[in-house]
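Peer 1: have a look at this fold, sequence not included:
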């Protein structure tokens with residue numbers, strides 16, 4: 001395996017040096033460098049798994065300084081001041097510590113390798129994950145058998161909306177893909193029927209608790225279990241998830257009884273862990289906007305992808321080669337802040353909004369755009385009346401963008417499984433191109449509802465095109481007409497075809513002959529084609545040349 005390396009001697013940084021009164025105390029310290037390190041970029045296999053290195057190699061992503069672990073010498077020096085180390089971030093080169101005594105904190109602040117600190121208050125409140133999520137009470141009826149690989153039952157609508165069943169029928173059900181679910185706890189996950197198959201097949205490969213430490217995540221909240229069931233569930237005739245045969249990592253970063261900025265820092269450690277073990281897809285059914293301490297609240301102006309630490313971390317995770325699907329949040333009906341929450345404002349991720357079963361906008365779904373004007377949400381799925389597992393072993397319907405995100409995340413996994421040679425950015429972009437509002441996005445639905453089977457067809461066609469000789473077209477994109485350049489084929493008989501991405505022909509010329517005085521063929525009659533992507537194929541004798549053409 002060939003791995004490229006590049007060293008950047010810079011860090012992501014919060015650039016916050018404030019000190020706040022807290023009780024009990026949890027302090028976040030940023031460090032100046034990674035000196036005295038036990039690891040080297042020359043041996044990344046010592047701190048990144050083979051799977052993580054392979055993902056980077058497949059996408060031509062270089063190992064850089066942010067991948068290097070935090071200096072253990074610095075960690076030990078901070079611990080020796082008399083504090084407990086809670087979490088560490090290599091991307092931000094930072095340490096989160098706990099101490100009820102302020103004296104060790106003063107010692108740490110004066111260490112030469114510490115650049116700044118911030119503290120967070122912990123306040124116990126009622127359980128909350130993403131606000132305004134609730135169960136919808138309906139009678140549950142067993143679904144009917146259909147001509148599909150899975151028997152979807154009442155979960156059929158949420159899968160069929162995106163033609164996910166067609167990927168499943170083709171054999172793409174998430175096998176070999178690793179999905180991280182970062183959430184608030186997974187109570188009842190070990191007991192409910194729809195998730196038994198995942199554990200029987202040993203496809204939960206790791207669990208980590210970044211709130212309390214250790215590996216235990218099967219308590220605290222049922223929220224993660226519900227999200228997990230929408231991804232991985234398989235109870236025939238009742239619930240089938242979007243990627244039932246994927247492998248999973250269950251990570252807890254959210255404390256369900258508090259809402260504090262510290263949880264964003266917990267999330268960073270969870271994302272870094274997911275990266276290090278080789279995760280492909282990250283589902284984030286969490287969002288942060290208001291906190292127990294109002295001074296830490298995020299404003300709409302903060303939703304620019306460059307301000308909150310969790311948005312910066314989400315983008316960094318994407319640049320490591322993972323594909324992130326993040327809930328938009330559920331504040332769409334709020335008078336004060338109907339907009340997305342962070343990290344839904346992050347760049348280079350998929351922010352998931354919610355629609356009803358009839359594809360109409362769900363009013364609770366937070367809206368865009370981001371403060372800097374980017375389309376948000378990116379895509380939408382069925383987050384209103386989403387069928388999911390209940391902790392008592394039964395099934396129910398729920399509302400929330402927490403439930404639309406795993407539908408998309410799982411289908412992204414199935415699509416990427418089919419086309420492992422593509423990058424996460426390419427997979428995200430093709431899904432957007434298939435969405436029903438791609439040419440006319442809005443602040444409520446973003447680019448709309450993606451069609452993952454259409455994305456599969458498009459990528460299949462592109463793979464075939466890549467085997468042909470390249471063709472030069474201009475202008476491209478075009479409005480009224482375009483030219484085909486035939487520099488080396490003067491005088492030969494040619495056939496020109498213009499087809500859409502479903503291989504439907506829209507234009508055909510036979511036995512056209514280019515002369516020595518006319519090396520360019522003008523195609524004048526395609527102004528009425530609807531804006532989309534087309535394939536132009538030119539056959540000259542036994543050879544074929546092709547290129548993508550964009551109609552604006």
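Peer 2: Ah, there it is. It should be emphasised that the depicted structure is a prediction, and the values quoted were computed from it without experimental measurement.

Peer 1: could you find the closest non-adjacent residue to residue 46?
Peer 2: With CB to CB, 6 or more residues apart in numbering as the measure, residue 39 is the residue that lies nearest to residue 46, at 5.5 Å, once sequence neighbours are left out. To be clear about C-beta, it is placed using only N, CA and C from the backbone, and glycine gets the same treatment.

Peer 1: whoops, I mixed them up, residue 475
Peer 2: Taking CB to CB, 6+ apart, and ignoring the residues beside it in sequence, residue 475 has residue 482 as its nearest neighbour in space, at 6.1 Å.

Peer 1: list the contacts of the residue nearest the centre of the chain.
Peer 2: Per CA atoms, centre = their mean, the C-alpha nearest to the average position across the chain is that of residue 324, at 1.6 Å. If you count contacts by CB atoms under 8 Å, 6 or more residues apart in numbering, residue 324 has them with 281, 282, 284, 314, 317, 318, 343, 346, 349, 350.

Peer 1: ok, the first one to residue 392 distance?
Peer 2: Applying CB to CB, to the nearest Å, the value for residue 281 to residue 392 is 29 Å.

Peer 1: who has more neighbours out of these two?
Peer 2: Between residue 281 and residue 392, counted using other CB atoms under 10 Å, the more crowded position is residue 281 (31 against 11).

Peer 1: just list the residues touching that one, thanks.
Peer 2: Residues near residue 281 by CB under 8 Å, 6+ apart: 177-180, 246, 322-325, 409-410, 412-413, 416.

Peer 1: and if we set it to 6 Å?
Peer 2: Taking CB atoms under 6 Å, 6 or more residues apart in numbering, we find residue 281 in contact with 179, 323, 409, 412, 413.

Peer 1: who does whatever helix or strand the fourth one lives in touch, helix- and strand-wise?
Peer 2: If I follow you right, that is residue 412. Residue 412 is part of helix 401-418, with elements assigned from DSSP states H and E. With contacts defined as 3 or more CB pairs under 6 Å, 6 or more residues apart in numbering; DSSP states H and E, the packing partners of helix 401-418 are helix 223-232, strand 281-284, strand 323-327, strand 350-355, strand 379-382, helix 452-465.

Peer 1: the helix or strand just after the longest one pairs with which strands, and in what direction?
Peer 2: Using DSSP H and E, the next helix or strand after helix 452-465 towards the C-terminus is strand 469-470. Looking at strand 469-470 with DSSP bridges, its partner strands are strand 543-551 (parallel).

Peer 1: mean confidence score for the strand it pairs with?
Peer 2: Averaged across strand 543-551, the pLDDT comes to 83.

Peer 1: for that strand, list every residue counted as buried.
Peer 2: When neighbours are counted by 16 or more other CB atoms under 10 Å, the buried residues of strand 543-551 are found to be 544, 545, 546, 547, 548, 549, 551.

Peer 1: hmm, back to that, my guess is the residue nearest to residue 46 meets residue 47, correct?
Peer 2: Yes: with contacts defined as CB atoms under 6 Å, residue 39 counts as touching residue 47 at a distance of 5.1 Å.

Peer 1: identify the contacts common to these two.
Peer 2: Counting by CB under 6 Å, 6+ apart, the contacts common to residue 39 and residue 47 are residue 69.

Peer 1: beta partners for the residue nearest to residue 475?
Peer 2: When bridges are taken as DSSP bridges, the partners of residue 482 come out as residue 523.

Peer 1: check the average confidence over the helix or strand hosting residue 115, would you?
Peer 2: Assignment of secondary structure by DSSP H and E places residue 115 within strand 114-120. Here the mean pLDDT over strand 114-120 is 64, rounded to a whole number.

Peer 1: same question for stretch 196-213.
Peer 2: When the per-residue pLDDT values of stretch 196-213 are averaged, the result is 98.

Peer 1: now tell me what touches that stretch from outside.
Peer 2: With contact meaning CB under 6 Å, 6+ apart, stretch 196-213 is reached by 87, 215-217, 232, 234, 247-253, 255, 266, 269-270, 273.

Peer 1: for stretch 288-302, same thing?
Peer 2: Contacts of stretch 288-302 with the rest of the structure, by CB under 6 Å, 6+ apart, involve 121, 123, 259, 260, 261, 264, 308, 339, 341, 342, 371.

Peer 1: and it, what's buried?
Peer 2: Taking 16+ other CB under 10 Å as the basis for neighbour counts, the residues of stretch 288-302 that come out buried are 288, 289, 291, 292, 293, 296, 298, 302.

Peer 1: quick one: average pLDDT of it?
Peer 2: The pLDDT scores in stretch 288-302 average 90.

Peer 1: re earlier: in contact with the nearest residue to the residue nearest to the centre of the chain once chain neighbours are set aside: list those residues for me.
Peer 2: Nearest non-adjacent residue to residue 324, counting by CB to CB, 6+ apart: residue 349, 4.2 Å away. Shown here is residue 349, whose contacts under the criterion CB under 6 Å, 6+ apart are 314, 318, 324, 326.

Peer 1: helix, strand, or coil at residue 57?
Peer 2: Using DSSP: H, G, I helix; E, B strand; the rest coil as the criterion, the local structure at residue 57 reads helix.

Peer 1: count of neighbours near it?
Peer 2: As a burial measure, residue 57 scores 16 neighbours (other CB under 10 Å).

Peer 1: and for residue 79?
Peer 2: Taking other CB under 10 Å as the neighbour definition, residue 79 ends up with a count of 15.

Peer 1: roughly how far apart are it and residue 100?
Peer 2: Distance of residue 79 to residue 100, given as CB to CB: 15 Å.

Peer 1: sorry, back to before: from residue 286, how far out is the residue nearest to the centre of the chain?
Peer 2: In this structure, residue 324 lies at 12 Å from residue 286, with CB to CB as the measure.

Peer 1: check residue 36 too.
Peer 2: 35 Å.

Peer 1: pick out whichever of these two has more residues nearby.
Peer 2: For the pair residue 36 and residue 286, the greater number of neighbours falls to residue 286 (28 against 12), based on other CB under 10 Å.

Peer 1: isn't that one right up against residue 254?
Peer 2: Yes: if you go by CB under 6 Å, residue 286 and residue 254 touch, sitting 5.4 Å apart.

Peer 1: okay, domains of this protein per the record?
Peer 2: Described in terms of automatic domain parsing, the domain architecture of the chain consists of the residue ranges 26-120, 134-462, 468-551.
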